[in-house]
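Student: below are the sequence and a predicted model for it; my questions follow.
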Amino acid sequence: MTKARDLGPARVPAERPVRRRSGLVARLVTHPVGMLALIVLALMYLTAFLGPLVYPASPITTDALNATAAPSAQHLLGTDELGRDVLARLMYGGRITLMISVISMVVALTIGSLVGALAGYHRGWLETVLMRIVDTFMAIPSFFLILAALAVLGNSPPVVVVVVGLGFWPQVARIVHAEVTKIRNFDFVEAERALGASSSRIIWRHIFPQALPATAVLTTLGIAWSILTETGLSYLGLGIQPPLASWGNMLQNAQTYFWTKPALAVYPGLAIAVAVLCFNLLGNVLRDLTDPRGR
């Protein structure tokens, strides 16, 4: 009879470390295109808001004897048709354009999220009324609606902010409505109802955070739209008015000198293109990262 060999204590296989699903921010940091867009946008915002501290030239001081001057140690990017420092106007104009685009999106998100969340959660007659209002606004071209509002209310910077934001809120409302309609019947929402939670608590504490990824994607794309809208209005002379600088009215002023001094149009045009491109790239990356099929 053969003796069974003593194999010693049975070895328990080591547990594999549980791989936790990384958050949206962590996935965005490891995405090369998303990180590149974030870095470029961060540099643009830092230059617009902190650049004048390093380069304290005045954006509104004119010097007729030094008009359309070439770049020099005193004026790094030269001067425009009135002798104003181009780099200073680019920084101050970027501050206004970028700030208006972000604040207008806050206005659009506030109104659109409120309308979309109420319509998606309560349903019934309230949903019908609110969504028909949204459809009415979406049936009207937003740019013409903005032009009409500016003609009535004026074109001061606060009015431009509000009007541009009102031009984008229907898109936000549609997205939030679709997300809330999908989430409102989930088990955790039914559990909150059974515990007696109020509708406002369920919407803003439990449902709306679930809709934030889709809203974040729309926000980045909306900021790009806001930049184009504000610069388009300023280019037409209906947005930010001189002596305040914006990238749009810098383009308007440079069109007369395009063939003799093309750099006056290239600088603000390039700034607009880069900002819009980066926000669009960031929106596309966020859309891919929040899509479960892409993961």
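Tutor: The structure has been received and is ready for your questions. Numbers count the residues shown, from 1 in each chain.
Student: could you list the buried residues of the strand or helix carrying Val180?
Tutor: Using DSSP states H and E, Val180 sits in helix 169-183. For helix 169-183, a neighbour-count test (16 or more other CB atoms under 10 Å) marks 169-177, 179-181, 183 as buried. Yep, even glycine has a C-beta here, placed from its N, CA and C like the rest.
Student: min pLDDT across those, which one?
Tutor: In this model, the minimum pLDDT among these belongs to Ile183 (81).
Student: tell me which element Gly94 falls in.
Tutor: Residue-wise, Gly94 maps onto helix 86-122 under DSSP H and E.
Student: what angle sits between that helix and helix 169-183?
Tutor: 40 degrees (axes from the mean of the first three to the mean of the last three CA atoms, to 10 degrees).
Student: other SSEs contacting helix 86-122?
Tutor: Helices and strands touching helix 86-122, as assessed by 3 or more CB pairs under 8 Å, 6 or more residues apart in numbering; DSSP states H and E, comprise helix 32-54, helix 124-139, helix 157-166, helix 169-183, helix 208-235, helix 247-254, helix 263-290.
Student: buried deepest among those helices, which one?
Tutor: Of all the helices and strands packed on helix 86-122, helix 247-254 has the most neighbours on average by mean count of other CB atoms under 10 Å, namely a mean of 24.
Student: what does whichever helix or strand comes after the helix holding Val180 contact?
Tutor: Sequence-wise, the next helix or strand downstream of helix 169-183 (DSSP H and E) is helix 187-194. Helix 187-194 is contacted by residues Ile183, Arg201, Ile202, His206, Ile207 when judged by CB atoms under 8 Å, 6 or more residues apart in numbering.
Student: again, only using 10 Å
Tutor: Counting by CB atoms under 10 Å, 6 or more residues apart in numbering, helix 187-194 makes contact with 121, 180, 183-184, 186, 197-199, 201-203, 205-207, 210, all of which sit outside it.
Student: try stretch 118-135
Tutor: Contacts for stretch 118-135 (CB under 10 Å, 6+ apart): 112, 114-116, 169-174, 176-184, 189, 199-200, 202-203, 207-208, 211.
Student: circling back: right, and the helices and strands packed on helix 86-122 - which one's nearest Ile96?
Tutor: helix 157-166 (7.1 Å; CB to CB).
Student: what angle sits between the closest one and helix 208-235?
Tutor: Using the same axes, to 10 degrees: helix 157-166 against helix 208-235 is 130 degrees.
Student: about what we covered before: and of the contacts of helix 187-194, the nearest to Leu150?
Tutor: Nearest to Leu150 among those is Val180, at 32.2 Å by CB to CB.
Student: who's in contact with the closest one?
Tutor: So Val180 contacts 113, 116-123, 189, 203, 207-208, 210-211 (CB under 10 Å, 6+ apart).
Student: rewinding a little: in PyMOL, select just the buried ones from the contacts of helix 187-194.
Tutor: Here is the PyMOL command that selects the buried residues among the contacts of helix 187-194 (16+ other CB under 10 Å):
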select buried, resi 121+180+183+184+202+203+206+207
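Student: closest to Pro32 among the contacts of helix 187-194?
Tutor: Nearest to Pro32, judged by CB to CB, of these is Gln210 at 28.2 Å.
Student: excluding chain neighbours, what is closest to the closest one?
Tutor: With CB to CB, 6 or more residues apart in numbering as the criterion, Gln210 has its nearest non-adjacent residue at 5.0 Å, and that residue is Ile183.
Student: I figured the one you found hits Phe208, correct?
Tutor: Yes - here Ile183 lies in contact with Phe208, judged by CB atoms under 10 Å, at a distance of 8.9 Å.
Student: for Ser104, see how far away the residue nearest in space to the middle of the chain is.
Tutor: By CA atoms, centre = their mean, the chain has its centre lying nearest to Ile223, at 2.9 Å. Using CB to CB, to the nearest Å, Ile223 is found at 8 Å from Ser104.
Student: shared neighbours, these two?
Tutor: Phe168.
Student: and Trp125, how far is that from Arg132?
Tutor: Relative to Arg132, Trp125 is positioned 11 Å away (criterion: CB to CB).
Student: do the same with Leu98
Tutor: 35 Å.
Student: ok, the closest residue to Val285 other than its chain neighbours to Thr256 distance?
Tutor: Nearest non-adjacent residue to Val285, counting by CB to CB, 6+ apart: Gly34, 3.8 Å away. In this view, Gly34 and Thr256 are 39 Å apart by CB to CB.
Student: then Gly248?
Tutor: Counting by CB to CB, the separation of Gly248 from Thr256 is 15 Å.
Student: can you check Tyr267 too?
Tutor: From Tyr267 across to Thr256, the span is 16 Å (CB to CB).
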